[in-house]
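1. let's see this in three dimensions:
(one chain, ligands or ions: 1)
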Amino acid sequence: MDNQVKHQRGVERDVIQQPAAAAAPFYLPQADEVEIFRAAYARRLPVMLKGPTGCGKTRFLEHMAHSLRRPLVTVACHEDLTSSDLVGRFLLQGDETVWQDGPLTRAVKEGAVCYLDEIVEARTDTTVVIHPLTDHRRQLPLDKKSRFIEAHDDFMLVISYNPGYQTALKDLKPSTKQRFVGINFDYPAEEIERRIVAGESGCRDEALIERLVAAGRRARALKEHGLEEATSTRALCYAAELIGAGLSPRVAARAAMVAPITDDPALVEALEEIFEAHL
Ligand code: ADP
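-> Predicted structure coming up:
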């Protein structure tokens, strides 16, 4: 296969295009994020969703795109992702070279919400192409075609940013950050987290949900004691799903909340103690 074609197919694997007609994704607000997002969308301001992994940023955006009736184009950014992957490139087809739009260009043209998930992971040249999209110009530079395209009136750019992951070498420049409206996310309050876990898993046993969420929240606190990744709301939802599929609460908790995040014997023991006390 032609190298360029292979490359383009590669980035398509990182792109999810959510059909506008899908059923409304379940989302329980944590604070005033819905109001802030709606206000930003009303003025077409770009938004940065800040917060740890698995706390609901992606689900929130799926929910908002649906409620605003906009298609959502999600690009999972990674270290090999370049501006051409986002914008597009010329591909050889037989004897001809044909321009193929990348996911950002398609979103800009169609008036979709484009979500660049963890943009800090991508090559730095990607920030150059998003800058003119984030101010009054609302233009996307198609560098290799030496022209700009104007964004559709309904286009909106959203990025996610995990403050815990950045190092001095890998961070967004302040000049890039300040172009966005920031919305802070964190793991939800306990009562909300219970309702999320119940809603996602369909579990009706309130006492069990209460114990599971309490255990998850204690496990989360181990982040301060060396656990690399805090126990997420996603992991709690998985545990409840596994219980619903017939596993015992402790086995489910181990599979969802221990095995994926640590092999450290001392931390495993500490997590086991928490589960023994709660489940
Ligand atoms: P992030 O994008 O922050 O990594 P996600 O949005 O993928 O996290 O959330 C992980 C999972 O947690 C979701 O798939 C959903 O099951 C659940 N979840 C987290 N927060 C909420 C919420 N507020 N409402 C509904 N589901 C939520």
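
2. switch to C-alpha atoms for all contacts and neighbour counts from now on
-> Fine.

3. check for me that Ala221 belongs to a helix.
-> Yes: applying DSSP: H, G, I helix; E, B strand; the rest coil, one finds Ala221 inside a helix.

4. pretty sure it contacts Ala230?
-> Yes: applying C-alpha atoms under 8 Å, one finds Ala221 in contact with Ala230, separated by 7.5 Å.

5. comparing the two, which residue is more hemmed in?
-> Shown here are Ala221 and Ala230; by other C-alpha atoms under 10 Å, Ala230 has more neighbours (22 against 13).

6. give me the element that one is part of.
-> Mapping Ala230 onto the secondary structure by DSSP states H and E places it in no helix or strand at all.

7. what's near enough to touch it?
-> Taking C-alpha atoms under 8 Å, 6 or more residues apart in numbering as the criterion, Ala230 is in contact with 219-223.

8. which phi and psi does the most centrally placed residue in the chain have?
-> For the chain, the residue lying nearest the average C-alpha position, counting by C-alpha atoms, centre = their mean, turns out to be Thr58 (4.1 Å). When quoted as degrees, to the nearest 10, the phi and psi of Thr58 stand at phi -70, psi -40.

9. count the neighbours of Val197 for me.
-> As a burial measure, Val197 scores 24 neighbours (other C-alpha under 10 Å).

10. PyMOL command for the buried members of the contacts of Ala230?
-> Paste this into PyMOL to select the buried members of those, with burial taken from 16 or more other C-alpha atoms under 10 Å:
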select buried, resi 219+220+222
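
11. could I get the CA-only coordinates of whichever strand or helix holds Gly199 as PDB?
-> Element membership for Gly199, per DSSP H and E: helix 190-201. Taking C-alpha atoms only, helix 190-201 is exported to PDB below (Å, rounded to 0.1, in the frame of the first residue of the first chain):
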ATOM      1  CA  GLU A 190     -20.300  11.000  46.100                       C
ATOM      2  CA  GLU A 191     -24.100  11.300  45.600                       C
ATOM      3  CA  ILE A 192     -23.700  12.100  41.900                       C
ATOM      4  CA  GLU A 193     -21.200   9.400  41.400                       C
ATOM      5  CA  ARG A 194     -23.700   6.800  42.900                       C
ATOM      6  CA  ARG A 195     -26.300   8.000  40.500                       C
ATOM      7  CA  ILE A 196     -23.900   7.800  37.600                       C
ATOM      8  CA  VAL A 197     -22.700   4.300  38.500                       C
ATOM      9  CA  ALA A 198     -26.400   3.100  38.900                       C
ATOM     10  CA  GLY A 199     -27.400   4.800  35.700                       C
ATOM     11  CA  GLU A 200     -24.600   3.300  33.600                       C
ATOM     12  CA  SER A 201     -24.800  -0.200  35.000                       C
END
